[in-house]
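**Student:** give me coordinates for this.
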Amino acid sequence: MTQPREEEPRVVIRDKRRIDPTSGTVRVPAGEQPAGARPGADAAGEQMSEQGTAVGQTTTVDDDTARQLAERTEDLQRVTAEYANYRRRVDRDRQLVADQAAERFAVQLFPIVDDIERARDHGDLTGAFKVVADRVLGLLDGLDVTAFGTAGDPFDPALHEAVMHETSTQVAVPTATTVLRQGFRRGDRVLRTAMVAVTDPQTPAAASEDTVAEGDPATGPASD
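**Tutor:** Sure thing, here's the model as predicted:
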């Protein structure tokens with residue numbers, strides 16, 4: 001019976017020559033870097049590549065953040081301006097409503113003030129009536145309502161209502177010579193015009209006719 005042959009050991013031949021016999025170039029053993037190469041060059045290149053990518057991403061993020069911040073700032077400024085305009089409009093409307101209410105209340109007091117002034121002219125503003133009159137006039141003062149219209153004031157159609165007219169040589173311009181009813185205003189707003197009698201100056205033509213009728217010394221006495 002034939003016995004099995006033992007497996008012969010394998011022979012491995014390693015060529016450790018530094019010079020390649022075929023090409024004549026220097027061989028570089030496995031695991032070593034070529035001569036002149038900097039250690040860790042590949043790792044440094046990878047690290048620089050990663051850093052460049054990170055810097056590019058950071059720059060993109062910063063630009064996007066700056067854009068969003070600019071947009072939010074613009075929105076905030078627009079909302080702030082709109083709110084400021086709204087507040088001004090509301091304040092203006094509120095003041096307008098308050099002014100209209102004050103003026104309506106003051107107008108209702110004017111007939112009472114007229115009675116008070118007539119009583120004052122007749123000397124009847126005494127006692128308890130005077131106390132009430134002072135309180136009513138104090139209400140007008142509290143509303144910033146002032147009276148106007150005094151004899152001798154130049155006639156102003158925006159302030160005076162002329163109900164009588166006469167002429168006189170004593171005035172050079174139309175003048176309110178008699179005040180029949182006081183006027184009232186609140187600030188620049190006229191709430192009621194003053195009722196007056198107006199005296200107009202005589203026209204030059206009328207004055208010359210009167211002079212000729214009486215006799216002008218320059219032309220001699222008028223003929224009979």
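**Student:** so, low pLDDT: which residues of this protein?
**Tutor:** 1-16, 18, 21, 23-24, 26-58, 61, 204-224 (pLDDT under 70).
**Student:** do a quick rundown of the strands in it.
**Tutor:** Assigned by DSSP state E, the chain shows strands spanning 145-148, 153-154, 160-168, 175-181, 183-186, 189-192, 194-201.
**Student:** check which residues of stretch 188-195 are buried.
**Tutor:** Across stretch 188-195, burial judged by 16 or more other C-beta atoms under 10 Å covers L191, R192, T193, A194, M195. Where C-beta positions appear, they are placed from N, C-alpha and C, glycine not excepted.
**Student:** nearest to D91 among those?
**Tutor:** Nearest to D91 among the buried residues of stretch 188-195: L191, at 23.3 Å, using C-beta to C-beta.
**Student:** who's in contact with that closest one?
**Tutor:** Contacts here follow C-beta atoms under 8 Å, 6 or more residues apart in numbering; on that basis L191 touches E103, A106, V107, F110, V145, F184, R185.
**Student:** for the fifth one, grab the count of nearby residues.
**Tutor:** This means V145. 24 (other C-beta atoms under 10 Å).
**Student:** tell me what it is bridged to.
**Tutor:** Beta bridges link V145 to R186, judged by DSSP bridges.
**Student:** for it, what are its contacts?
**Tutor:** With C-beta under 8 Å, 6+ apart, V145 has these contacts: A106, F184, R185, R186, L191.
**Student:** from L109, how far out is it?
**Tutor:** Per C-beta to C-beta, to the nearest Å, V145 is found 8 Å from L109.
**Student:** find residues that contact each of the two.
**Tutor:** Here V145 and L109 share no contacting residue, scored by C-beta under 8 Å, 6+ apart.
**Student:** about what we covered before: nearest approach to T80 belongs to which of the strands of the chain?
**Tutor:** T80 lies closest, by C-beta to C-beta, to one member of the strands of the chain: strand 189-192, at 33.8 Å.
**Student:** C-alpha coordinates for the closest one, PDB please?
**Tutor:** In PDB, the C-alpha atoms belonging to strand 189-192 read as follows (Å, rounded to 0.1, in the frame of the first residue of the first chain):
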ATOM      1  CA  ARG A 189     -61.500 129.000  14.700                       C
ATOM      2  CA  VAL A 190     -64.500 131.400  14.800                       C
ATOM      3  CA  LEU A 191     -67.400 129.800  16.600                       C
ATOM      4  CA  ARG A 192     -69.800 132.800  16.300                       C
END
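**Student:** let me have the strands of the chain in TSV, extended by distance to A119.
**Tutor:** Shown next, in TSV, are the strands of the chain (distance: least, C-beta to C-beta, whole Å):
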stretch	distance to A119
strand 145-148	15
strand 153-154	24
strand 160-168	22
strand 175-181	15
strand 183-186	18
strand 189-192	19
strand 194-201	18
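**Student:** number of nearby residues for the spatially closest residue to A176 that is not a sequence neighbour?
**Tutor:** In this structure, A176 finds its nearest non-sequential neighbour in V196, 3.8 Å apart by C-beta to C-beta, 6 or more residues apart in numbering. By other C-beta under 10 Å, 27 other residues sit near V196.
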